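Chemist: With the input below, show me the fold.
(one chain, ligands or ions: 1)
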Amino acid sequence: MSHAFVEVQQAAKRFPGAKGEPDLTVFENVSFQLEKGEFVCIIGHSGCGKSTIMNALAGLDQFSDGTMVMEGKEIDGPGLERGVVFQNYSLLPWLSALENVRFGVRARWKAWSDAKVTEHSLAYLEMVGLKDVVGRKPAQLSGGMRQRVSIARAFATKPKLLLLDEPFGALDALTRGVIQDELIKIWSQDQQTVFMITHDVDEAILLADRILLMTNGPEARIAEAVEIDLPRPRQRGEIVKHPHFYTIRNYLVDFLVNRSGELRTADLDRRGLRYPEAVNPVERASADTPAASDGQRASADTTHDTLVTFTPKETHHG
Ligand SMILES: Nc1ncnc2c1ncn2[C@@H]1O[C@H](COP(=O)(O)OP(=O)(O)OP(=O)(O)O)[C@@H](O)[C@H]1O
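Modeler: Numbering: from 1, shown residues only. Predicted coordinates for the structure are as follows:
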């Protein structure tokens, strides 16, 4: 039996097709584990099913096939041991920033006095730099501030598993950097396990212990788990100087630009499901090979169904 903190095995998600259309298999054969205290990011092109996986872990959706276990117990609905931050804040609009955070804290620790709930909530709002606006309602806050409230609420309840669905997607670069730093700080203090969706390769390298790479959908799968062996604490300006940084970055970009699609094509070939490729000869003739040509490839065969782990140390840089 596995001792992983979270274990997803052989997960698949299917949606019934519209009249006369075949069912849509978004992903299948998705298996991965999260170790306690680990920060794991998941990257893949739009539509491969990342949010669906996250919603299932949050207990808000179910897989069509497969199992999902946390600390040996099947996940079959939402629970306070799992906190979620969505891209769209999901704050209660009639409550102030403080009341929104208090709401979560009160639900988590029912026996606490009002004063303790307030003190604890304020500490997390201060941590995300919102000490001076705690009385404002969401409509009176900027998008970045709302997202900070959402993050403060999720962290304040100290969930064992924190699920982040592109939490910084709508933020400007400066705010994003500030909140990323806050996230690292809070995560390293509280030793939570974090599972995060992002489209930003640099963000994933800055934050993650491992990055799961999904092939393109439909019928997507998790092809690889890339270990990020850059030392912590990581500073945005410093990690780019580490000799592994560009090896990892190029590898990830190469996956997104080239291999996420190539692997899907190979998957379909194996099953005899391949549809004709749309080719525009003029565009093809003038297309340059995208960047990241010096990205390193895992030496293992990545077309089979097991999760390949890529470790930058095993490759030659430059
Ligand atoms: N209720 C539904 N009925 C039919 N198809 C659905 C339904 N919900 C989601 N899908 C499809 O499932 C696929 C995966 O959606 P999902 O939001 O999980 O992808 P994603 O990888 O998170 O994408 P993005 O990066 O754009 O957020 C998409 O093709 C979407 O259209």
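Chemist: Low-confidence stretches in the chain?
Modeler: 1-2, 89, 170, 273-318 (pLDDT under 70).
Chemist: what residues does it put near the ligand?
Modeler: For the chain, the contact set with the ligand under Cβ under 6 Å from any ligand atom comprises Phe15, Leu24, Val26, Gly44, Ser46, Gly47, Cys48, Gly49, Lys50, Ser51, Thr52, Gly217. To be clear about C-beta, it is placed using only N, CA and C from the backbone, and glycine gets the same treatment.
Chemist: Output these in JSON lines; the columns should cover secondary structure and neighbour count.
Modeler: Shown next, in JSON lines, are the residues of the chain next to the ligand (DSSP: H, G, I helix; E, B strand; the rest coil; neighbours: other Cβ atoms under 10 Å):
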{"residue": "Phe15", "secondary structure": "strand", "neighbour count": "12"}
{"residue": "Leu24", "secondary structure": "strand", "neighbour count": "14"}
{"residue": "Val26", "secondary structure": "strand", "neighbour count": "20"}
{"residue": "Gly44", "secondary structure": "coil", "neighbour count": "25"}
{"residue": "Ser46", "secondary structure": "coil", "neighbour count": "9"}
{"residue": "Gly47", "secondary structure": "coil", "neighbour count": "13"}
{"residue": "Cys48", "secondary structure": "coil", "neighbour count": "26"}
{"residue": "Gly49", "secondary structure": "coil", "neighbour count": "26"}
{"residue": "Lys50", "secondary structure": "helix", "neighbour count": "26"}
{"residue": "Ser51", "secondary structure": "helix", "neighbour count": "18"}
{"residue": "Thr52", "secondary structure": "helix", "neighbour count": "21"}
{"residue": "Gly217", "secondary structure": "coil", "neighbour count": "23"}
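Chemist: Let me know the closest of the residues you listed to Gly83.
Modeler: Ser51 (16.1 Å; Cβ to Cβ).
Chemist: Run a quick check on the closest one versus Asp165, I expect a contact.
Modeler: Yes: contact criterion Cβ atoms under 8 Å: Ser51 and Asp165 qualify, at 5.7 Å.
Chemist: Next, show the common contact partners of these two.
Modeler: Listed contacts common to Ser51 and Asp165 are Ile197; contacts here mean Cβ atoms under 8 Å, 6 or more residues apart in numbering.
Chemist: List the single closest residue to Arg108 in space, sequence neighbours excluded.
Modeler: Thr157 (4.4 Å; Cβ to Cβ, 6 or more residues apart in numbering).
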